[in-house]
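K.L.:
Provided below are the primary sequence and the corresponding predicted coordinates.
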Amino acid sequence: MAEEVKIPEAEGTKNFIDNFVEEDTAPGGRVAGMQVHTRFPPEPNGYLHIGHCKALCIDFGTAEKYGGICNLRMDDTNPAKEDTEYVEAIQQDIHWLGFDWGDRFFYGSDYFEKDYEYAVELIKKGLAYVCELTPEEFRANRGDIGVPATSPYRDRPIEENLRLFEMMKNGQVEEGKMTLRAKIDLGSGNFNLRDPIIYRVRFINHHRQGTKWCIFPMYDFAHPIQDALEGITHSLCTLEFEEHRPLYDWVVSNVSIPYYKPRQIEFARLGIDHTVMSKRKLRQLVEEHYVSGWDDPRMPTLCGLRRRGYTARSIRNFCERIGVSKAASTVEYGFLEHCLREDLNLTAQRTMAVLHPVKLTVTNYPEGQSEIFNVENNPTDPSQGTHEITFSRHLWMEADDFLPEPVPKYKRMYPGNEVRLKGAYLVTCTGFVKDEAGNITEVLCEYDPQSRGGDPADGRKVKGATIHWVDADNCVDAEVRLYDNLFSDPQPDGPDKNFLDALNPDSLEVLTGCKVEKEMVQVAEEFDRRENRTGTNAPTFQFMRLGYFCMDNRDCRADHLVFNRSVSLKDSFKK
Ligand code: ATP
Ligand code: MG
């Protein structure tokens with residue numbers, strides 16, 4: 001079942017698709033009085049990426065808006081490279097986003113029999129013929145602008161076409177020797193109408209049909225038939241299909257499908273900077289080990305984004321807000337991050353963690369003593385309660401929160417400066433310890449016992465910063481993975497570019513020995529017991545002052561904590 005994902009109502013503005021739908025369903029319209037029916041047709045040859053989420057929002061969203069329904073159809077007519085692993089992953093990701101197809105789940109290959117019957121019907125009507133041009137000859141004969149294509153096989157008698165097509169179907173024709181072509185217009189200005197191939201021979205195992213078929217319909221023939229048979233009223237797809245629409249319309253008009261004709265409407269693909277959005281390229285990154293898998297947290301796949309810590313709500317919000325248009329555009333990755341921050345700010349529990357730890361010793365706090373402080377889980381929402389942290393003489397602080405000599409505007413720890421330890425006490429730095437190599441190994445301070453909770457009893461103004469810390473007697477080590485753009489080039493995918501050249505060598509930084517609050521162990525134990533760890537969002541936290549981090553849904557275990565940085569907080573001070 002789909003998870004419950006609440007999305008604020010879209011701004012109430014209608015997009016151009018809505019206008020078409022309203023025109024069609026209005027009294028006297030093409031599908032007046034009928035229920036709006038859309039579909040999402042992924043090819044199961046890879047994992048869904050965030051571009052698919054835009055299509056999902058449009059397909060499911062349009063249906064929802066007009067009280068309609070949306071089918072999920074695996075477009076598996078192309079027999080190569082399809083896999084049940086992908087089918088299951090696609091279903092999981094769609095449910096995770098909060099969309100549900102109910103019992104309307106189909107495979108394009110379920111219609112092979114129908115496709116075949118309609119192809120025979122076209123032959124009988126004199127609207128299709130078996131052509132023996134090889135792929136090279138086909139290309140050589142496709143003509144040019146103003147020069148029609150040619151095929152010497154165009155005027156074969158119907159009987160002969162039927163016999164040859166039967167031979168193709170029966171496995172008596174070699175691959176590449178014959179195709180079935182729709183007889184439309186060899187001189188058309190739209191090359192898709194120049195007697196397009198609608199069937200070809202392939203001796204290949206189909207993931208569901210096995211070796212039952214050795215002829216396979218082309219997408220442009222199969223897709224409109226699938227839509228029409230399922231009773232789709234509006235077939236929403238991306239702009240590259242605009243030029244194919246006349247062929248789509250030709251197919252549904254010339255085969256005797258018992259339903260009304262679906263209408264194809266195209267919208268612009270989603271592009272995001274610093275990433276690539278084609279399954280073929282994403283697969284290459286996986287297969288050639290540039291990333292750890294389809295769900296590598298740097299990938300724009302939904303499983304990668306989920307592992308990174310993206311919530312379904314943040315992704316859907318992003319897709320809602322970028323809107324629907326016909327103009328291709330590239331959205332800033334930063335906007336996606338913004339949508340995540342906005343969401344996690346409201347939901348993520350605050351905690352303290354130290355990524356680059358250095359010892360902080362409170363020299364006037366008695367050895368062996370400890371006390372408990374309550375910190376708010378989320379200052380934006382008091383109903384999320386508080387949790388306990390402990391304070392003692394031995395703490396960890398962030399290495400870059402200390403400078404032996406301050407630089408201008410530096411308000412954190414340096415000898416003589418008073419700062420606030422988040423949620424605990426005011427402390428004044430009294431010195432530091434260096435090792436032989438000159439590295440700072442320990443910072444020394446004294447606390448003001450009158451400042452419990454962080455405010456001085458005498459009302460003096462504290463100009464120092466508030467810094468985070470972790471109790472060394474009550475913390476555990478963790479591995480923390482920091483991510484940057486997978487590609488340094490904002491447009492890795494342009495023409496004349498090899499996207500692999502644009503890979504960012506510093507897109508992953510692994511920190512070990514980071515210090516997190518001990519309660520994380522219990523959180524990880526619970527997470528260990530969760531059934532479908534990778535299909536859901538892992539526990540997520542705001543590490544105060546550092547950003548939002550989630551447990552890694554594959555690698556995090558109670559005895560080896562692993563966190564992913566989902567997104568940083570905006571940093572106002574750069575050294
Ligand atoms: P890819 O090139 O990544 O394989 P595709 O279009 O071949 O993409 P499909 O599985 O066929 O992938 O896509 C399913 C649906 O998602 C199609 O309707 C397609 O138009 C849509 N879609 C794919 N990529 C995007 C994108 N970047 N933005 C919006 N919609 C997309
Ligand atoms: Mg496709």
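P.N.:
Received the coordinates, thanks. Ligands and ions are numbered 1, 2, ... in the order given.

K.L.:
number of nearby residues for residue 245?
P.N.:
Residue 245 has 18 neighbouring residues, counting by other Cβ atoms under 10 Å. No exception for glycine: its C-beta is placed from N, CA and C like everyone else's.

K.L.:
so which helix or strand takes in it?
P.N.:
Element membership for residue 245, per DSSP states H and E: helix 245-254.

K.L.:
outside of that helix, which residues touch it?
P.N.:
122, 125, 127, 182, 184, 190, 192-193, 196, 220-221, 223-225, 227-228, 235, 241, 261-262, 264, 266 (Cβ atoms under 8 Å, 6 or more residues apart in numbering).

K.L.:
So which of these are in strands?
P.N.:
182, 235, 264, 266 (DSSP state E).

K.L.:
so what pLDDT did the second one get?
P.N.:
Translated: residue 235. In this model, residue 235 is scored at 98, pLDDT.

K.L.:
residues contacting it?
P.N.:
Neighbouring residues of residue 235 by Cβ under 8 Å, 6+ apart: 38, 39, 223, 224, 227, 248, 262, 263, 264, 265.

K.L.:
Most neighbours out of the residues you listed, which is it?
P.N.:
Going by other Cβ under 10 Å, residue 227 tops the contacts of residue 235 with 29 neighbours.

K.L.:
got a list of what that residue touches?
P.N.:
39, 235, 252, 262.

K.L.:
Dump the helix holding residue 245 to PDB, restricted to CA.
P.N.:
Output of helix 245-254 as PDB, limited to C-alpha atoms (Å, rounded to 0.1, in the frame of the first residue of the first chain):
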ATOM      1  CA  ARG A 245       1.800  12.100 -31.900                       C
ATOM      2  CA  PRO A 246       0.500  12.000 -35.500                       C
ATOM      3  CA  LEU A 247       1.600   8.300 -35.600                       C
ATOM      4  CA  TYR A 248      -0.100   7.700 -32.200                       C
ATOM      5  CA  ASP A 249      -3.300   9.200 -33.600                       C
ATOM      6  CA  TRP A 250      -2.900   7.200 -36.900                       C
ATOM      7  CA  VAL A 251      -2.700   3.900 -35.000                       C
ATOM      8  CA  VAL A 252      -5.700   4.500 -32.700                       C
ATOM      9  CA  SER A 253      -7.700   5.600 -35.700                       C
ATOM     10  CA  ASN A 254      -6.900   2.700 -38.000                       C
END
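
K.L.:
residue in the stretch 451-575 of the chain nearest to ligand 1?
P.N.:
residue 493 (10.9 Å; Cβ to the nearest ligand atom).

K.L.:
Quick check: that residue touching residue 499?
P.N.:
Yes: at 5.4 Å, residue 493 counts as touching residue 499 under the criterion of Cβ atoms under 8 Å.

K.L.:
what sits in contact with each of those two?
P.N.:
Contacts common to residue 493 and residue 499, judged by Cβ under 8 Å, 6+ apart, are 276, 281.

K.L.:
and stretch 470-489, C-alpha only, in PDB?
P.N.:
Only the C-alpha atoms of stretch 470-489 are listed here, as PDB (Å, rounded to 0.1, in the frame of the first residue of the first chain):
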ATOM      1  CA  VAL A 470      29.000  15.800  23.200                       C
ATOM      2  CA  ASP A 471      29.700  14.200  26.600                       C
ATOM      3  CA  ALA A 472      32.800  12.000  26.200                       C
ATOM      4  CA  ASP A 473      31.400   9.700  28.900                       C
ATOM      5  CA  ASN A 474      28.100   9.200  27.200                       C
ATOM      6  CA  CYS A 475      28.700   9.000  23.400                       C
ATOM      7  CA  VAL A 476      29.600   6.500  20.700                       C
ATOM      8  CA  ASP A 477      31.700   6.600  17.600                       C
ATOM      9  CA  ALA A 478      30.000   6.800  14.200                       C
ATOM     10  CA  GLU A 479      31.000   6.900  10.600                       C
ATOM     11  CA  VAL A 480      29.600   9.900   8.800                       C
ATOM     12  CA  ARG A 481      29.400  10.200   5.000                       C
ATOM     13  CA  LEU A 482      29.400  13.700   3.500                       C
ATOM     14  CA  TYR A 483      28.300  14.100  -0.100                       C
ATOM     15  CA  ASP A 484      28.800  16.700  -2.700                       C
ATOM     16  CA  ASN A 485      27.500  17.000  -6.300                       C
ATOM     17  CA  LEU A 486      28.200  13.800  -8.300                       C
ATOM     18  CA  PHE A 487      29.200  16.000 -11.200                       C
ATOM     19  CA  SER A 488      31.300  19.200 -11.000                       C
ATOM     20  CA  ASP A 489      30.000  20.500 -14.300                       C
END
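
K.L.:
Give me the buried stretch members for that stretch, please.
P.N.:
Neighbour counts over stretch 470-489 (16 or more other Cβ atoms under 10 Å) mark 470-472, 474-476, 478-483, 485-487, 489 as buried.

K.L.:
domains of this structure?
P.N.:
Residue ranges for each domain of the chain read 113-218, 276-352+475-575, 357-467, as given by automatic domain parsing.

K.L.:
can you tell which of the ones you listed is closest to residue 57?
P.N.:
domain 276-352+475-575 (4.4 Å; Cβ to Cβ).

K.L.:
Show me what the mean pLDDT comes to for the closest one.
P.N.:
94.

K.L.:
chain center to it, what's the gap?
P.N.:
10 Å (Cα atoms, centre = their mean, to the nearest Å).

K.L.:
how much space between the residue in the chain that ligand 1 sits nearest to and residue 245?
P.N.:
The nearest approach of the chain to ligand 1 comes at residue 51, 2.2 Å away (Cβ to the nearest ligand atom). Using Cβ to Cβ, to the nearest Å, residue 51 is found at 21 Å from residue 245.

K.L.:
ok, now residue 170?
P.N.:
34 Å.

K.L.:
just the angle between the helix holding residue 245 and strand 263-267, please?
P.N.:
Counting by axes from the mean of the first three to the mean of the last three Cα atoms, to 10 degrees, helix 245-254 lies at 160 degrees to strand 263-267.

K.L.:
Over helix 245-254, what's the mean pLDDT, rounded is fine.
P.N.:
Helix 245-254 comes out at a mean pLDDT of 97.
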